[in-house]
Every structure is written in C-alpha cells, then in structure tokens.
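**Q** okay, predicted coordinates and the sequence, questions at the end:
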Amino acid sequence: MAVVVVGLIPALSVCAPAAFASHGKTAASGYLAYSNWSVCNGGLEQGREGIVRAVNILNAETDVNASIGSCDSENVSAWSGSYPESWFGLTTCTATGANGRCGRKVVRLNSSAIFASSNPAQQWNKTAIHEMGHVGGLGHRNVSSSCMASGEAPPIVAVFDSHDIAELNATYV
Ligand SMILES: [Zn+2]
C-alpha cells in the first residue's frame, strides 16, 4: 500500500491540475483513450455501489461501454478507502495509451471525507460519478445540476447533465 501511495504523488502534481481545470480533451492525459472501460472496483461497499451506479449511467446515457471487470487487465482502477486528505475523490492517469492519451486511470474515493459530509449516501454516489466523469476527461462545472461541480451533494446532483453527456459523446463517438 505504501508503494502505491508514494507512486501516486508525482502523477498527482502532473495530471490533476490540467485534467481538473476544464474539459481536458486537449491534454495528453485528459481522457481515457478507449471507449471500452473495464473497471476494477474495490474497497468499501458504499464506494463500490457508487461505481456500479456510475457504470450503469454511463452505459445508459453515453457512448462509453463500461463494465466491472477483472483486476489484472483493467483500464480503470477504482478503490474506496480512507485517506488523510480532505478530498472526496481523486482521479489520476498512471499509464500512456493509444495516440498519447491516457491508458489507465486510477479513481480513489475517500471514506473519511465522504462519511463526514452532510449526506454520505448521496455523497458516495456523487463522488463516484464525478470521478468517472474525470476518467472521460470532464472537468469541473459551476452548476449544481451537474455531478461535475465540486463540493457536497445535495445540492449538487449525482448525475451527468446534457452538457456532460454531449462532451463524453464527442470524445467517445
Ligand atoms: Zn473533480
């Protein structure tokens, strides 16, 4: 575990600001290079349920084909556990894929921050779909009608709005 955390630190400083600042479609690591997302889903039950919910929404509403898959050939690795930082969730790029795009994304959901929020059940769902939006290169929004806003749910919803869906479908045609 210590090795994983140490290994993430350089990726955080390089990947996070560009991907988080806006819709990161022009950043080399901004979105997962593949429309088929195979998700390794581990850790706490609440987080795993949130990731499954997000996968179902992606399949129903976007051109992303997401599935919960094995944890030795995944291109999205999701883990829900307790981290000392204040963030609800964090997504980083850990490998280069096709055409210089990101080949593997790591999603982390932080139980210590989420359980301390005003509505943990909603916060798990919102954080899970928000981070999966970052997997697809979505940046932050300033409207509570999109899960891509930063902060607490409610008032922020736990679904993509039409703008988010259009951006994902422009990437994954
Ligand atoms: Zn974010």
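**A** Thanks, I have the structure now. If you're wondering where the values come from, they're calculated on a predicted model, not measured in any experiment. Numbering: from 1, shown residues only.
**Q** tell me which stretches of the chain form strands.
**A** With DSSP state E as the definition, the chain shows strands at residue ranges 36-43, 65-68, 76-81, 89-96, 102-110.
**Q** alpha carbons of the last one, in PDB - could you do that?
**A** To tie it back to what came earlier, the one meant is strand 102-110. C-alpha atoms of strand 102-110 as PDB (Å, rounded to 0.1, in the frame of the first residue of the first chain):
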ATOM      1  CA  CYS A 102      -4.300   8.200 -21.000                       C
ATOM      2  CA  GLY A 103      -4.100   4.400 -21.000                       C
ATOM      3  CA  ARG A 104      -5.100   3.800 -17.400                       C
ATOM      4  CA  LYS A 105      -7.000   5.900 -14.800                       C
ATOM      5  CA  VAL A 106      -7.000   5.400 -11.100                       C
ATOM      6  CA  VAL A 107     -10.000   6.600  -9.200                       C
ATOM      7  CA  ARG A 108     -10.000   7.000  -5.400                       C
ATOM      8  CA  LEU A 109     -13.000   7.600  -3.200                       C
ATOM      9  CA  ASN A 110     -12.200   8.900   0.300                       C
END
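**Q** follow-up on the earlier one: okay if I get the strands of the chain as JSON lines plus mean pLDDT?
**A** Formatted as JSON lines, the strands of the chain follow (pLDDT from 0 to 100):
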{"stretch": "strand 36-43", "mean pLDDT": "98"}
{"stretch": "strand 65-68", "mean pLDDT": "98"}
{"stretch": "strand 76-81", "mean pLDDT": "98"}
{"stretch": "strand 89-96", "mean pLDDT": "94"}
{"stretch": "strand 102-110", "mean pLDDT": "96"}
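**Q** among those strands, which is nearest Asn125?
**A** The closest of the strands of the chain to Asn125 is strand 102-110. By C-beta to C-beta, the value is 10.4 Å. Where C-beta positions appear, they are placed from N, C-alpha and C, glycine not excepted.
**Q** name the helices or strands packed onto that closest one?
**A** Helices and strands touching strand 102-110, by 3 or more C-beta pairs under 8 Å, 6 or more residues apart in numbering; DSSP states H and E, are helix 45-61, strand 76-81, strand 89-96, helix 120-135.
**Q** if we go to 7 Å?
**A** On a contact count with 3 or more C-beta pairs under 7 Å, 6 or more residues apart in numbering; DSSP states H and E, strand 102-110 meets strand 76-81, strand 89-96, helix 120-135.
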